[in-house]
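Prediction below, plus the sequence it came from.
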Amino acid sequence: MLKEQEISEILLKESEEYKKLGEEHRNFEKTLSEMDKKVYLTPEEEIERKRIQKLKLSRKDRMAELIRDYRKNHSVN
């Protein structure tokens with residue numbers, strides 16, 4: 001059975017959706033990292049930070065779903 005990392009590498013090559021989700025996830029990660037460098041966030045920035053965290057998590061969840069689907073559709077019976 002393929003490992004999650006191996007499936008991820010296959011999907012990066014074969015799935016535009018997976019590749020796009022990965023890019024968005026990394027961009028959200030960078031944005032959060034920049035926000036975390038600030039000593040203080042305004043209330044608006046706090047709201048934006050929470051929004052970005054949710055978006056980042058939704059991308060990660062969808063990527064995991066694509067990996068599960070790949071595994072299910074390519075399993076040897």
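Looks like it came in fine.

Spatially nearest residue to the residue nearest to the spatial centre of the chain (excluding sequence neighbours)?
Closest to where the C-alpha atoms of the chain average out (CA atoms, centre = their mean) is K60, at 3.2 Å. Of all residues not flanking K60 in the chain, H25 sits nearest, at 5.9 Å (CB to CB, 6 or more residues apart in numbering). Bear in mind the C-beta positions are built from the backbone N, C-alpha and C, glycine included.

Please tell me how far the one you found sits from L32.
Distance, H25 to L32, by CB to CB, to the nearest Å: 11 Å.

buried set for the single longest helix found in the chain?
Ranked by residue count and defined by DSSP state H, the top helix of the chain is helix 43-73. Judged by neighbour count using 16 or more other CB atoms under 10 Å, the buried positions of helix 43-73 are 49, 52, 56, 59-60, 63, 66-67, 70.

would you turn those into CSV with distance to K37 and pLDDT?
Formatted as CSV, the buried residues of helix 43-73 follow (distance: CB to CB, whole Å; pLDDT from 0 to 100):
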residue, distance to K37, pLDDT
R49, 12, 97
I52, 14, 98
K56, 17, 98
R59, 22, 98
K60, 22, 97
M63, 26, 97
L66, 32, 97
I67, 31, 96
Y70, 36, 95
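
Turn those residues into CSV, columns for distance to S15.
Putting those into CSV (distance: CB to CB, whole Å) gives the following:
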residue, distance to S15
R49, 29
I52, 24
K56, 19
R59, 13
K60, 15
M63, 10
L66, 7
I67, 10
Y70, 8
